[in-house]
Each structure stands twice: as C-alpha cells, then as structure tokens.
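Visitor: 3D, please:
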Amino acid sequence: SLDFEKAVEWFASGVPAEAVEAGIAAYFERLDRRKVPSRHAVCLSFAERDVAKALSARRQASVGRAAGPEAAPLSAERITAFLEARARGLDALVTRPGLRESAPVLCRFAEGAAAELRDLKAEAGSSESRLEAALSPLDQELVRLALLDGPPDLAEVWRAEARDRLGDLAATLEPRILRQTLDRLAAVSALRHWGLERLSLLYLED
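Guide: Predicted coordinates for the structure are as follows:
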C-alpha cells in the first residue's frame, strides 16, 4: 500500500511516468553494483532521489541541455533560491487576512516551516540526500495540513474530483487504500487553493 501511495503522489504531482521509470532503473543499477546484498525490502520511496534526478534531466533536455538519470548535482545557488522561494510562499499564506482564524493549524505550521527552510539554506552546499531528509517530513506535513485545514465543503469537492479522476480503478481499491488515495489527490487541489508548492527537492524546477 505504501508503494501505491507513493505512485499516486507522483501521479498527482505531475511527475511523468518516464521519469519514474528512469529513476527506478537508476536505483536498481546502483543496487546491482553493490558488493553487499540488500537486507531490506525495496520500496518505491527508496528511489525518490533517483526519480528527482531523472525528472531534472528531462527538464534539462527540454531546453537543449545534456540529460540523463545521472544528472549533475543541483548547485547550492539553485537550492538556496528554491528554499527561499518556498519560504516566501509560506510567508504569503500567513499574511492573508483572516486566515489565522480560519486555518490556524496550517498557519502555525507555515510559520515554523518557513523558518526551517531558511535555516536549511546553510546546508545548500552539502549532501542533497541529507537535505532532502530534512525537507521530506516538512513536505508531507504541508500536504496533509493543506487538506485537513482547508474548507470542508471544498475538501469534499476535491475528493469527488479525485474519484472521477481514478475512474474504474476506484472500484478495485480496498476502502482504506481508496480513502488514502483520494486524500493524496485532493491534497494537490488543496495546495493549489492555498497557492502553495511542494517543499521536496523533487519539485525543484529549472
């Protein structure tokens, strides 16, 4: 079920299937080169950084630059700009008139997350995987709260739209998985409603 949720998350966020396939292939190529066999089950989330590299490579290729799953690491300048832009987006949310009263939990989180993103700018030149480990929990909490603290009537509309988007697949899913999937898809609409963007490096655009 965790693999399915991750696939739905990528799908809902517009990550092309080709980038996911290239990232997974790159991940397993690394596993094949390891001297010691893996001792744990392999989950899609393990390939997330490789998927991010593949997505970046596709974006680079679209503007005529060299591409491939083994794309060059992101520069510290790009990461710093990404973190600051996301922090400003969170700042803008908090300053909306009346939002502290209507969405208090999301606003409190946004304030704290903006501060954390700015603190992380000092790590922009370090390991991308370590930075992503700090960003991923913030990203997941933002997605959760964007839907949870949103207008209830709109949340139901977003879930209904998500169910329509799933089509016949919805009828084949277990109730718990279906609820989780609908929430994942609805959360993307919630982020758009708030004018927010994902905090993971996976969503760093050229």
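Visitor: which residues in the chain form helices?
Guide: With DSSP state H as the criterion, the chain has helices at 2-12, 17-33, 48-62, 76-94, 99-102, 104-120, 128-148, 152-166, 175-194.
Visitor: Pull the residues that contact the fourth one.
Guide: When contacts are defined by Cβ atoms under 8 Å, 6 or more residues apart in numbering, helix 76-94 is touched by residues 99-100, 106-107, 110-111, 113-115, 117-118, 120-121, 124-125, 128, 131, 194-197, 199, 201, 204. Where C-beta positions appear, they are placed from N, C-alpha and C, glycine not excepted.
Visitor: And those residues, which of them are buried?
Guide: When the contacts of helix 76-94 are checked for burial by 16 or more other Cβ atoms under 10 Å, the buried set is 99, 106-107, 110, 113-114, 117-118, 120-121, 124, 128, 131, 194, 196-197, 199, 201, 204.
Visitor: Any stretches of the protein with poor pLDDT?
Guide: For the chain, the stretches with pLDDT under 70 are 1, 35-41, 59-74, 205-206.
Visitor: Roughly how far does the closest residue to Leu204 other than its chain neighbours sit from Leu55?
Guide: Once flanking residues are discounted, Leu204 sits nearest to Phe82: 4.8 Å by Cβ to Cβ, 6 or more residues apart in numbering. To Leu55, Phe82 is 14 Å away according to Cβ to Cβ, to the nearest Å.
Visitor: The residue nearest to Leu204 and Glu128, how far apart?
Guide: 11 Å.
Visitor: Now for those two: what residues contact both?
Guide: Jointly contacting Phe82 and Glu128 under the rule Cβ under 8 Å, 6+ apart are Leu201.
Visitor: rewinding a little: how deep is the residue nearest to Leu204 tucked in, by neighbour count?
Guide: Residues near Phe82, counting by other Cβ atoms under 10 Å, number 21.
Visitor: how close does it get to Leu166?
Guide: Going from Phe82 to Leu166 by Cβ to Cβ gives 31 Å.
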